[in-house]
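Peer 1: Structural data only, the sequence is not supplied:
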C-alpha cells in the first residue's frame, strides 16, 4: 500500500506500462519549492550537458580521423618523392647515355684530331704516379694559332 501524503512531501502514483498489480507502480516525490521552471531548467541543463558530451566526442573522432588522413598523406608523399627520384635518375641516365653515344659518334668521325704529336707537348712537373704510368703537367702548343694551353699528360709505363 502506498504511503499517505504529509506536509513535506507529496507522492503520486505513476503507472508504468499496463498496471497488473501493486508492484507495477512507480512513485514520484514532490518537493515543496520545486516549480515547473526549475524542472524545465534541469531538463534543459541535462540536454545541454548531453549535447556538449556528444560534441566533445565528435571533436575527438574528427581529430583522430584528421591525424590518420595526415599520416596517410605523408606516406603517399614519401612514395611520390621516391618515384620522382627514380624517374629523375632514369631520365638523367637516359640523357647521359644519349650524350655519351653522341660523343662516341663524334669521336669515331673525328678520331684523327685526337692524336696529338709529341712535338706539340712540353712536359713540366710530375703531378702523380700510378701503377700504369706517370701524370705530368704540360703545355700543349698549337701551331696554327701559336697559343699554348695547360694540360695534364699521362705517360704509360713499359
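Peer 2: Nice, thanks for sending it over. This is a predicted model, so every value here is computed, not measured.
Peer 1: okay, CA-based contacts and neighbour counts for the rest of this
Peer 2: Will do.
Peer 1: how much space between residue 58 and residue 51?
Peer 2: 10 Å (C-alpha to C-alpha, to the nearest Å).
Peer 1: Same check on residue 155?
Peer 2: Counting by C-alpha to C-alpha - residue 155 and residue 51 are separated by 90 Å.
Peer 1: which residues sit in contact with residue 84?
Peer 2: When contacts are counted by C-alpha atoms under 8 Å, 6 or more residues apart in numbering, residue 84 touches no other residue.
Peer 1: switch to 10 Å and redo it
Peer 2: Residue 84 is in contact with 78, 90, counting by C-alpha atoms under 10 Å, 6 or more residues apart in numbering.
Peer 1: need the next SSE after the helix or strand hosting it, C-terminal direction.
Peer 2: For residue 84, the host element (DSSP states H and E) is helix 36-109. Following helix 36-109 in sequence order, the next helix or strand is strand 121-129 (DSSP H and E).
Peer 1: residues of that next one that come out buried?
Peer 2: 121-123 (16 or more other C-alpha atoms under 10 Å).
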